[in-house]
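# Quick check, what structure comes out for this input:
(chains A and B)
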Amino acid sequence: MKQVIELKVNGESYETAIDPHRTLLEVLRDNLGLTGSKEGCDLGACGACTVIVDGKAVLGCLTLAMDAQGKEITTIEGLAKEGKLTLLQQNFVDYGAIQCGYCTPGMIMSSKALLDENPKPTEAEIKKGISGNLCRCTGYTKIVEAIAVTAK
Amino acid sequence: MEQYSVINKRLPRLDSISKVTGDAKYAGDLTLPGMLYGKILRSTVPHARILNIDTSKAEKLKGVRAIATGKDITDIPHGFIRAEPAPPFLRDKFSLAKEKVRFIGDEIAAVAAVDEDTAMEALDLIKVDYEELPAYFSIQESMAPDAIRIHDHAESNVSVVISFHLGDVEKGFAGSDLILEDNYTTQFILASYIEPHAAVANFSPSGDVTLWLSTQTPFYDRTNIAETLGIPESKVRVIKPPVGGGFGAKTETHTLFTASAVLSRKTGKPVKIIYTREEEFTSTAHRHGVSVNHKIGVKKDGTIMAVDSKFFADGGAYNSHSAISMFIMGCLQNGPYTMGNFKYEGIRVYTNKPFSGGVRGHGAIQPRFVIETMMDSIAEKLDMDPIEIRKINAVKAGQTTISKFKIRSCGHVEALDKAVAEIDWKNKWKKLPDGKGVGLASMFFASGAAFSFFYDNPPSFSCVNLAADSDGKFTLFTGTSDIGQGSDTTLAQIAAEELGVGLDKMTVVAADTTTTPMDLGSYSSRVTVFGGSAAKTAAYRMKMKLFEAAANVLEANKNDLEAKNERIYVKGSPEKGISIADTVIAYYKQKKEHLTSTGDYNPPADVGGEMRLDLGEVNISPTFSFGTHATEVEVDKETGVVKVKKIAAAHDCGFAINPMAVEGQIEGSIQMTFGQGMMEDYRMEKGWSMTNSFLDYKMPAPEDMPYIKPIIVESIDSEGPFGAKEASEGTNVATIPSIANAIYDAVGIKMKDLPITPEKILRALEKKGGKE
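Numbers count the residues shown, from 1 in each chain, chains lettered A, B, ... in the order given. Model (predicted):
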C-alpha cells in the first residue's frame, strides 16, 4: 500500500507516494528524477549513493525514504547554484579527479560532509573520510588532491 | 621544440562539469514513457540439460508483460571472435540458453514487468526442469579422462589451443649456461567498474530498435544484437551514453543487451535491465586464472637464449575472447626483451564457472608476473643487478622482434632509469634492513590491435568526421567509446591543436552506431593511436579547406598559411589574417556547401597481415608502449602483512596528449593491478560464487593504496598522432612483479601464486625457515 511522504531535497519540498520499503536512493532517482546519486552495489559497500542528510553523509541505498522525512537532504544536484560550481566541484574538475564519473557524486558528497565538519583535514583524514567510497578508475590520488586543495 | 597550444596540456575532461553536477545520464538513469523493467532468470545448477521451462504461472502474475526464453532468439551464437577464418566453435554462447546451462548464473529466461519487484517475483514462478550433469570446477577436473563434454565440440573440454614456435628453443637451451624452470598460478579477478551493466531497449512499430547500453563496443553489440534477433543491422541503433568504467568486461555483449531488445520487441514497450552487483560477480566476464610452467635459458652474460612457456587457462563455461586471450598471453611475452628462441603453448579449458574474457592488461598481466620475477631469479644466480639484466636484453627502437613486432620508438631504458632513480635503488636495493625492500619490473604493451577478429572487412579501423559551424566551433563525430578514460577529450585536443582552436571550440558526438562513423570501439588500448590519428587527419583536411577559403579572402597563397589562436594568417605575419569563424562563413559563400571533413586510420602496411593466431609471428599493433615500475615494500614478518610504500611508475606513452589524463591512467590502473596482486580473489565453491559483493570481494580503498609517483616518458613515436602511444592497459602490467620482487628483496621469499596474502607470506617464511 503506497503512502504519501514529503521530502525536502536541495531546499525544495517534494510530495510523492511510495511503498514504505523504498530506499531514499530509489525515491530520489525513480520518484523525484534526481538521478545524480548512483547505485553501485545496493549494499552500502561502494558509496556511489552517498547524500547528505542533516549535515551527515549517509548511504541512500541503506536509508529508508520514510525515515528521511522532515530532514534536510542534499544531493549532488543541490551543490552548484545557477551554473556556478562549488570550489570542491571545481577542484574535482581542475585536478583530474574524475574519470568515468560514476563514483563522483557520492565521492563529492562524502568529501563535502568531511570538509563541512573538518575544514582542514590531514591527508589521512581525507582518506578516512572517503574510505566508504570505492573508485575503480583514478587510484584515488587525484581525488585526495582535489579535496586537499579545497581545504587549503 | 614545437610549442603546442592544446595538446601536452593538463586540460580538464570535456564531460567533467556534467559529471560533478550529477547531470551526466548513464544508461541506468534513462527513463522512457511506458518503460518496463526486465530481470534475468539464471541457472541454479552448474551443468544441466534443460528438459522444460514452464512460464505459465509467471505469465499470469499481475504486471508481467512478457517472458522470453531461448526460443525467442535465433540459432546464431555470439562472441567476440566472429570473422573468418575463425573456427565456428569460437562463438558458443546464446543470450538465453537453448538446451543446456553451463554455470550457476547462466541465463535461461528474461521477464519484462511493470516494475522491478514484479519482474523479480515472476522469476520465482518460472519452473525449470533440469537433468543435472557432472560439473567441473578446475582445469584438472575438466580434463580428466572420464569427464563428459561441457560443449559437444570440445574434446577433453579444451576450448582453444594456441601454440607457436619461433626459432629453435632446443638449440637455444643447448646454448644456455643457465636454465631456470618454475611454476606459477594466478587467480580470477573481476573488472569491478562501479557502474553495473545497464540497457534500455526501445523497439518502434516500424521494427527499428534503439538501445542505450553501458558498453565499450557499440558496433560489435549492434551486430550481435541483430544476429540474435534475426533482423538486419540497419534496424539496430546502439547509443553509448556516459559509461561508468568498463576495463574490458564491457566489450562483451552480455545477455541484458539482447534480452532487453527481445522483450521490447515482444511488448512494443521500452525495456530497461540493470544488472545487480551480484549478477556482475556471478555472470560477467572475469580475468583468466592461469597455471604456468615456464622455462628460460640464458648465457652467463645474461643474454636470453630461449623461452619455453606453457599456459593453462581456466576459461569458464564459454569462449568469449578465448583465442585472442591465449594468443596474446604468448606473443606479449616477446618484449620488452629479445627472447632468443621462443616456444609457447596456451591451452584454455572449459569449466562450469563464469566465463573469462578480456580485462585491463588483457593477456599481459599473467605472463609479465612470471617473466619479471624469473628475470630477477636469473639475475641473482648470475650475480647481476636486476637493472643490468633488463638492459642487456632490452629491445631497441628500429628493431623487429622475433614475433615480427616492429619497434618504432622505445622509451624502456629511459623509463627504467627514471623509475629506479625515483625509488633510490642505488641506496636501497639489498641495503635496506630486514623486512624492507625494493623491486622493479618492466613491461610493454600494444597500442591497439591491428586486426579485427570480428569484422571481415571494416571500412577502416577508425574514422572521425568533423563539421564546422559558423561561429568557428567544430563538432567531432567518432565511433570510439569514452568509458571514463577520457578519450573523447584526447581526440578533441588532437583535432583542436591541428585546427588552431581552443578545446572550448570542440564538441564531441561519440559512439552512436547511426550518427557516428563505424569504429571498432575501446579495447586493446587502441583509441589514442587509431581514433587520434583519424582525428588528426580529419582536422588536417578541414584545415586545408579553411586555408583555401582564407587564401581567397587574404589574397595569399594557401601554402603560406598557418592556423593558430583561432585565426588563419600568413606565416610570420599574424596581422595579415582572418578569424576561423569568418573563414567558415567565407567558405560557405565561396562554395555554397557545408564544411565537413573525414579522416580514416588504418595501420601501416608492415602491421597486421594475415590473421593467423597460430603463427605467433604477426605484428599485432602499429606501435608499442614501454614502462618500468620500481616499488618499495615493508613486510611484517609476524603478521605477513605487506605494506607497499611507494610505486614509481614510469610509462613511455610516446607523447602525452594530456599529461593529467596519462597520470590518471597510471594511478588508476595500478590500483586495479595492486588489487589483483595483494587482495582481490574471486572465490567459488562447487560452482557457487563465495564473493558476490564488494563486502566479500576486497578491492583497494583509499587507505589501502600506496603512494604512486607517475613518471611520463616521451619517446615521440613516428606512427602515433603527435608521437603518442597508448597510456592505458600498459600502465598496470609491471605492478605485480615489481611488488613480488620487492618482497624478495625484503624477506627473501618468491611469491608465485596470486593474490599475495599475509597467509601465503607467513607460509613462505615458515618454509624458508626465516620466521623470527
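# When you work out contacts or count neighbours from here on, use the C-alpha atoms and nothing else.
Fine.
# Would you map out the domains in chain B?
B:16-23+B:461-601, B:31-133+B:194-245+B:249-283, B:286-450+B:610-768 (automatic domain parsing).
# Mind checking those domains for the one nearest to residue A:16?
domain B:31-133+B:194-245+B:249-283 (17.0 Å; Cα to Cα).
# Tell me the spacing between residue A:107 and chain B.
Residue A:107 is 10 Å from chain B, where distance means Cα to the nearest Cα, to the nearest Å.
# Backbone dihedrals for that residue, please?
Dihedral pair for residue A:107: phi -60, psi -40, per degrees, to the nearest 10.
# how many other residues sit next to it?
30 (other Cα atoms under 10 Å in any protein chain shown).
# just residue B:471 next, same as before
Neighbours of residue B:471 (other Cα under 10 Å): 14.
# Helix, strand, or coil at it?
coil (DSSP: H, G, I helix; E, B strand; the rest coil).
# what's the nearest residue to it if we skip its chain neighbours?
residue B:581 (4.9 Å; Cα to Cα, 6 or more residues apart in numbering or on different chains).
# Give me the local confidence score for residue B:1.
pLDDT, residue B:1: 47.
# ok, now residue B:624?
Value for residue B:624, per-residue pLDDT: 98.
# Ok, residue B:273 next?
So residue B:273 comes in at 98 (pLDDT).
# domains in chain A, as residue ranges please.
If you go by automatic domain parsing, chain A breaks into A:3-77, A:87-151.
# Could you identify which of those is most buried?
domain A:87-151 (a mean of 23; mean count of other Cα atoms under 10 Å in any protein chain shown).
# count of neighbours near residue B:454?
Counted with other Cα under 10 Å, residue B:454 comes out at 17.
# do the same with residue B:534
Neighbours of residue B:534 (other Cα under 10 Å): 29.
# Am I right that it is in contact with residue B:466?
No - applying Cα atoms under 8 Å, one finds residue B:534 not in contact with residue B:466, separated by 10.5 Å.
# quick one, what contacts the residue of chain A found nearest chain B?
Across chain A, the shortest distance to chain B (Cα to the nearest Cα) belongs to residue A:100, at 3.4 Å. With contact taken as Cα atoms under 8 Å, 6 or more residues apart in numbering or on different chains, residue A:100 is in contact with A:137, B:242-245, B:483-486.
# Could you report the pLDDT at residue 78?
Since you didn't name a chain, this refers to chain A. 98.
# Chain B is the one I meant
Confidence score, pLDDT, at residue B:78: 85.
# surely it meets residue B:92?
Yes - with contact defined as Cα under 8 Å, residue B:78 counts as touching residue B:92 (6.5 Å).
# Looking at the two, which one has more neighbours?
Ranked by neighbour count (other Cα under 10 Å), residue B:78 and residue B:92 place residue B:78 first, with 25 against 17.
# Verify the contact between residue B:144 and residue B:156 for me.
Yes - taking Cα under 8 Å as the definition, residue B:144 is a contact partner of residue B:156 at 7.3 Å.
# Can you tell me the number of residues neighbouring residue B:268?
17.
# Quickly note the distance from it to residue B:33.
12 Å (Cα to Cα, to the nearest Å).
# ok, for residue B:644, nearest residue in space, not its chain neighbours?
residue B:633 (4.4 Å).
# does that neighbour belong to a helix or a strand, and which?
Assigned by DSSP states H and E, residue B:633 belongs to strand B:624-635.
# Rounded mean pLDDT for the helix or strand just after that strand, please.
Per DSSP H and E, the first helix or strand lying C-terminal to strand B:624-635 is strand B:642-652. Model confidence over strand B:642-652, given as mean pLDDT, is 98.
# Helices along the stretch 151-300 of chain B, start to end?
With DSSP state H, counting those that start in this stretch as the criterion, the stretch 151-300 of chain B has helices at B:169-174, B:218-229, B:255-267, B:277-283.
# How about chain A?
A:24-26, A:87-94, A:104-117, A:123-129, A:141-151 (DSSP state H).
# Give me the residues contacting the longest one.
Spelled out, it's helix A:104-117. With Cα under 8 Å, 6+ apart, helix A:104-117 has contacts from A:36-38, A:47-52, A:55-57, A:75-76, A:88-89, A:98, A:121, A:126, A:129-130, A:133, A:147, A:151, B:19-22.
# what does the shortest one give?
Where contact means Cα under 8 Å, 6+ apart, the residues beyond helix A:24-26 that reach it are A:37-39, A:49, A:60-66, A:68.
# for stretch A:129-144, same thing?
A:45-48, A:92, A:95-100, A:103, A:106-107, A:110-111, A:114, A:123, A:126-127, B:192-194, B:245, B:484-485, B:664-665, B:667-672, B:700-703, B:705, B:708.
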